[in-house]
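[1] have a look at this prediction, sequence included:
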2 protein chains.
Amino acid sequence: MKDVEIITIGDEVLMGQIVDMNASWLGERLTVEGVSVRWMTTVGDDRKQINEALNTAKSRAGAVIITGGLGPTPDDVTKSCLVEFFGDKLVLKEEMLEKVKKRFRDHGLELPETSRNQAEFPHKAKEIPNNYGTATGIHYSQDEVEWFSLPGVPQEMRNMVDEYVINRLREVGLCDRIAVKIIRTTGIGESFLLEKMKMLPDARKLVEIAFLPKLGIGVDVKLTARGDEASNNRSKLKKATEMLLPDMKPHVFGINLETLEEAVGRIAQEKSVRIAVAESCTGGLIAKIFTDVPGSSAYFDRGVVTYSNEAKIDLLGVPADLIEEEGAVSSPVAKAMARGMLKRSRADVAASVTGIAGPTGGTPEKPVGTVFIGIAAEDQCEVHRFVFGGNREMNRKRTAMTVMQLLHDRIKNLDSKE
Amino acid sequence: MKDVEIITIGDEVLMGQIVDMNASWLGERLTVEGVSVRWMTTVGDDRKQINEALNTAKSRAGAVIITGGLGPTPDDVTKSCLVEFFGDKLVLKEEMLEKVKKRFRDHGLELPETSRNQAEFPHKAKEIPNNYGTATGIHYSQDEVEWFSLPGVPQEMRNMVDEYVINRLREVGLCDRIAVKIIRTTGIGESFLLEKMKMLPDARKLVEIAFLPKLGIGVDVKLTARGDEASNNRSKLKKATEMLLPDMKPHVFGINLETLEEAVGRIAQEKSVRIAVAESCTGGLIAKIFTDVPGSSAYFDRGVVTYSNEAKIDLLGVPADLIEEEGAVSSPVAKAMARGMLKRSRADVAASVTGIAGPTGGTPEKPVGTVFIGIAAEDQCEVHRFVFGGNREMNRKRTAMTVMQLLHDRIKNLDSKE
């Protein structure tokens, strides 16, 4: 039993009130360490269901990571379920009580009666320190299965995984059991990429290969080598990559977790090019994606969100009569926005976006999902028209990622500014 | 067996390469219909694991909704697993083959050999029409359990749920079995809220009550009434709400799915107030959150992302020597940004943000996570200092949501501009 199960506890996940980002973060984090995650299970804050999930996990997994249900309120039942499952009991830990009290005192508050249970801990379990909150993590090691119960608060959970869980998984030999490489492509469809990869059947003899289309970005090709020997996995992965990469090269923008926005940032820095964006329908999303990347201030100069016509006029110098004649969502306005942004910033390349994200505002000529993207650099400005035709959220995302694609191609072909 | 299980199939979810938005969408969509979702399970593209998950679901659920693994590539095995599980066989359907061929022809392409299997369908199953793609959904109805196998492509899956799955769940009596209300609060911690809710024990006799802290926003209190009688559920929910709401009132910003940004938008529209934001460390996130809301152009005037000092000077008129003397991350600069934004826009209230999102850039006096938020309206400008001290992503999110809180409070107290 060498595979890992992740159990999420929380009604709010089942009801779609929150998206289970914890499970996905754990999947990615553990995969990087070569841990094989085989199952993810979500159940509600319900003793019977939790017990059922623990029993199922026990029958198949080498380690179980549980998130959620460790808080102070009555619907947080994970701790008491674990105690019952392991035939254990809760004891009040004085030093935990002190820590919880102090945390409240630091905020100028007294410990509420309801939060005293945060200082109760299972007798036979080991403590997983929490550097960011009051709930201590719980570690049981029994019958060759490792059990980790962590809070659902992302910051607290992530820190415990980095500082404690990974080390323990390494000790018991659950790391380095798979090796993964992701080759990320843009600007080519799945079936056409498939046809270009002549060595695919040979590579498949060494590693598992999966194709994962990413909306508005391109196709990720994921290679997975499995086996108990870490060095063997790595060498199979290396061989398979050497077989496949030459045919894919023209379409590859990054390897592994490098995102398209990181790739754009990387080539912008290589060329000392600074970027500015003027957004209408994406409303700040593009600037947000750029500045998600630490260190982006080196190449991201500024952005403006010109949601109203007045803002397009004031901030970008788009002529009022151009908007009047052509409409705010039009090729000439996209061009004026990109040129205006380039002129009024300290950037070397500027992108502009104007479109109809929906759900309303479409016309027969310009249906919902119509977007104009301008890219201005040096003395040139190109404008591209797209009709994405999805819902508001999808249209905004696809537009943002298409801007990244276009900027990637444009900056690649610019002279270095140094 | 009246509860529903959702099964997601896909290695990419287990590896954290994609976030399982399908499960969360399904959870929310089904909850709205009063369907009780009890379990979510994720397994890889692996026959043994899929079979195991189907068997587990059979033993406990009244309906099972499966997403993913219906595509044309060899790693898509859901269809053949189902056929095996039900002792069924695949047959080629001529009309499906025609449909698939036509879809390729419409894009000027010939049907690739690999995609012919899209026209094979289980003999004993019913077809769930796909209006947006080539994979037909599969519906088995056996031993009083309903099975729906849907593609993983969100648009295709969602359409099948809306047009087919919900109707069938209604026919077999799985809808209207729960009623849910969410009371959303801001500006008070979980334990203190708990202490204020004097009628909690009485309300608990009628409905299940869960507390859900939302990072940087507040605490959601979720009431769930369960039972086979829809009208009975609604009346229990109404009674419990009447018991709890008076004590919670000062902290409530919305009911059910209304978000904090929607609440800000709602009161801004009520008062005819327009909003502008000047962002440094949040880099467009606040503008993005505002413009996530359809119709936000009615109150969101504009945003600027002044990531560089030059941008703060050019776009907001922040004096260069102020930045020099006080530092870009400082109370006076936050104030100058907010005032500058108010003056240079057509807005009635402006928010500004300057801070250190991390991971680098911190100092002993201003550690990573230090943020100054300015709120300017009429002739006043308040500045708030926070030290969030999380990672980059969390600091940006908490900052954005804190701005929403502050705007909510400020706009509530403004006079109507009409």
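    Here it is on my side, so go on. All values derive from a computational prediction rather than experimental measurement. Residues are numbered from 1 along each chain as shown, chains lettered A, B, ... in the order given.
[2] for the longest helix along chain A, what is the average pLDDT?
    With residue count as the measure and DSSP state H as the assignment, chain A has helix A:392-412 as its longest helix. The predicted model gives helix A:392-412 an average pLDDT of 89.
[3] helices and strands around that helix, which ones?
    Applying 3 or more Cβ pairs under 8 Å, 6 or more residues apart in numbering or on different chains; DSSP states H and E, one finds that helix A:392-412 makes contact with helix A:260-270, strand A:275-279, helix A:285-291, strand A:349-355, strand A:370-377, strand A:380-387. For the C-beta atoms, the positions are set from N, CA and C on the backbone; glycine is no exception.
[4] do the last one and chain B meet at all?
    No: Strand A:380-387 lies apart from chain B when judged by Cβ under 8 Å from any Cβ of the partner chain; the minimum separation is 14.7 Å.
[5] strand partners (parallel or antiparallel) of that strand?
    Looking at strand A:380-387 with DSSP bridges, its partner strands are strand A:370-377 (antiparallel).
[6] tell me the bridge partners for A:I6.
    With DSSP bridges applied, A:I6 shows beta-bridge pairing to A:M40, A:I65.
[7] what number of residues are in the vicinity of it?
    Using other Cβ atoms under 10 Å in any protein chain shown, A:I6 has 28 other residues around it.
[8] which parts of the stretch 201-350 of chain A sit against chain B?
    Going by Cβ under 8 Å from any Cβ, the residues of the stretch 201-350 of chain A near chain B are A:208, A:210-212, A:220, A:222, A:224, A:279, A:281-288, A:290-292, A:294-297, A:300-308, A:310-311, A:314-315, A:344-346.
[9] mind checking which of the residues you listed land in strands?
    Counting by DSSP state E, the members of those that fall within strands are A:208, A:210-212, A:220, A:222, A:224, A:279, A:300-305.
[10] output the residues you listed in JSON lines; the columns should cover pLDDT, neighbour count and distance to A:E5.
    Formatted as JSON lines, these follow (pLDDT from 0 to 100; neighbours: other Cβ atoms under 10 Å in any protein chain shown; distance: Cβ to Cβ, whole Å):
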{"residue": "A:E208", "pLDDT": "90", "neighbour count": "17", "distance to A:E5": "20"}
{"residue": "A:A210", "pLDDT": "84", "neighbour count": "19", "distance to A:E5": "21"}
{"residue": "A:F211", "pLDDT": "83", "neighbour count": "17", "distance to A:E5": "26"}
{"residue": "A:L212", "pLDDT": "80", "neighbour count": "19", "distance to A:E5": "23"}
{"residue": "A:D220", "pLDDT": "89", "neighbour count": "19", "distance to A:E5": "25"}
{"residue": "A:K222", "pLDDT": "89", "neighbour count": "21", "distance to A:E5": "21"}
{"residue": "A:T224", "pLDDT": "91", "neighbour count": "21", "distance to A:E5": "19"}
{"residue": "A:E279", "pLDDT": "97", "neighbour count": "33", "distance to A:E5": "42"}
{"residue": "A:F300", "pLDDT": "95", "neighbour count": "28", "distance to A:E5": "40"}
{"residue": "A:D301", "pLDDT": "93", "neighbour count": "25", "distance to A:E5": "46"}
{"residue": "A:R302", "pLDDT": "95", "neighbour count": "27", "distance to A:E5": "46"}
{"residue": "A:G303", "pLDDT": "96", "neighbour count": "35", "distance to A:E5": "42"}
{"residue": "A:V304", "pLDDT": "96", "neighbour count": "32", "distance to A:E5": "47"}
{"residue": "A:V305", "pLDDT": "96", "neighbour count": "32", "distance to A:E5": "43"}
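[11] taking these, tell me the two that lie furthest apart.
    A:E208 and A:V304 (45.5 Å; Cβ to Cβ).
[12] contact partners for the residue nearest to A:I183 when sequence neighbours are not counted?
    Using Cβ to Cβ, 6 or more residues apart in numbering or on different chains and skipping residues adjacent in sequence, the residue nearest A:I183 is A:V221, 4.6 Å away. By Cβ atoms under 8 Å, 6 or more residues apart in numbering or on different chains, the contact list for A:V221 reads A:182-185, A:193, A:209-212, A:244, A:248.
[13] just A:I128 next, same as before
    Contact analysis of A:I128 by Cβ under 8 Å, 6+ apart lists A:136-139, A:148, A:150, A:160, A:164-165.
[14] now distance to chain B and pLDDT too, for the residues you listed, in CSV please.
    Output for the contacts of A:I128, formatted as CSV (distance: Cβ to the nearest Cβ, whole Å; pLDDT from 0 to 100):
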residue, distance to chain B, pLDDT
A:T136, 17, 94
A:G137, 18, 96
A:I138, 20, 97
A:H139, 22, 98
A:F148, 17, 98
A:L150, 16, 97
A:M160, 14, 96
A:Y164, 17, 97
A:V165, 15, 98
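[15] narrow these to those that are buried.
    Among those, those classed as buried by 16 or more other Cβ atoms under 10 Å in any protein chain shown are A:136-139, A:148, A:150, A:160, A:164-165.
[16] if anything else comes up later, I'll come back, but that's it for now.
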